[in-house]
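Undergrad: Sequence and predicted structure below; questions after.
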Amino acid sequence: MWDTGTGFVRYVHNKIMAKMTLLLFDFSLFHAAKSIDSATLICKELNEPLEIARLAEQACHLYQTNGNPEAGALCLDKSAKMIEADYPERAIDLYRRAVDVVMVRILLLIDPS
């Protein structure tokens, strides 16, 4: 005969473990994005503006995946400011991407369906 008490405990344990896995995944994505975002500052010191843009886009994608698009847009904005003197066209691309990220968030808040 199946023991309902043990089955219930196993069910709850599996649910908790699944939730913890998701939380750790989200936590890891955020910190990966933050680390990549920080690497843009090193690239600035090394005078590698195109690498700044590439890393900013990568960090933004991770921030968005983590559910924090505002941090992604701020990363793009900050990086665009770093490179706008040397590569104004690339900076404009980053600014446009930041606007797109924010607009998607606004549209989702207005009509989540």
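TA: Good, I have the coordinates. Numbering: from 1, shown residues only.

Undergrad: C-terminal to the helix-or-strand element of the chain with minimal mean pLDDT, what's the next element?
TA: Sorted by mean pLDDT, DSSP states H and E, the helices and strands of the chain end with helix 4-45, the least confident at a mean of 71. Downstream of helix 4-45, the next assigned helix or strand under DSSP states H and E is helix 49-66.

Undergrad: Tell me how far residue 30 lies from residue 94.
TA: Going from residue 30 to residue 94 by CB to CB, to the nearest Å gives 21 Å. In short, each C-beta sits where N, CA and C put it, glycine included.

Undergrad: The two - which one has more neighbours?
TA: residue 94 (26 against 17; other CB atoms under 10 Å).

Undergrad: In space, what's closest to that one - neighbours in sequence excluded?
TA: Once flanking residues are discounted, residue 94 sits nearest to residue 80: 3.8 Å by CB to CB, 6 or more residues apart in numbering.

Undergrad: what sits up against the helix or strand containing that neighbour?
TA: If you go by DSSP H and E, residue 80 is part of helix 69-83. Outside helix 69-83, the residues within contact range by CB atoms under 8 Å, 6 or more residues apart in numbering are 33, 37, 40, 44, 49-50, 52-53, 55-57, 59-64, 90-92, 94-95, 97-99, 101-102, 104-105.

Undergrad: now those: which count as buried?
TA: 33, 37, 40, 44, 49, 52-53, 55-57, 59-60, 62-64, 90-91, 94-95, 97-98, 101-102, 105 (16 or more other CB atoms under 10 Å).

Undergrad: Pick out the residue closest to the middle of the protein.
TA: residue 63 (0.7 Å; CA atoms, centre = their mean).

Undergrad: Please name the nearest non-neighbouring residue to that residue.
TA: Residue 63's closest residue in space is residue 72 (CB to CB, 6+ apart), at 3.5 Å.

Undergrad: count of residues packed around the one you found?
TA: 26.

Undergrad: Assign residue 85 to helix, strand or coil.
TA: coil (DSSP: H, G, I helix; E, B strand; the rest coil).

Undergrad: what's the pLDDT at it?
TA: pLDDT recorded at residue 85 is 95.
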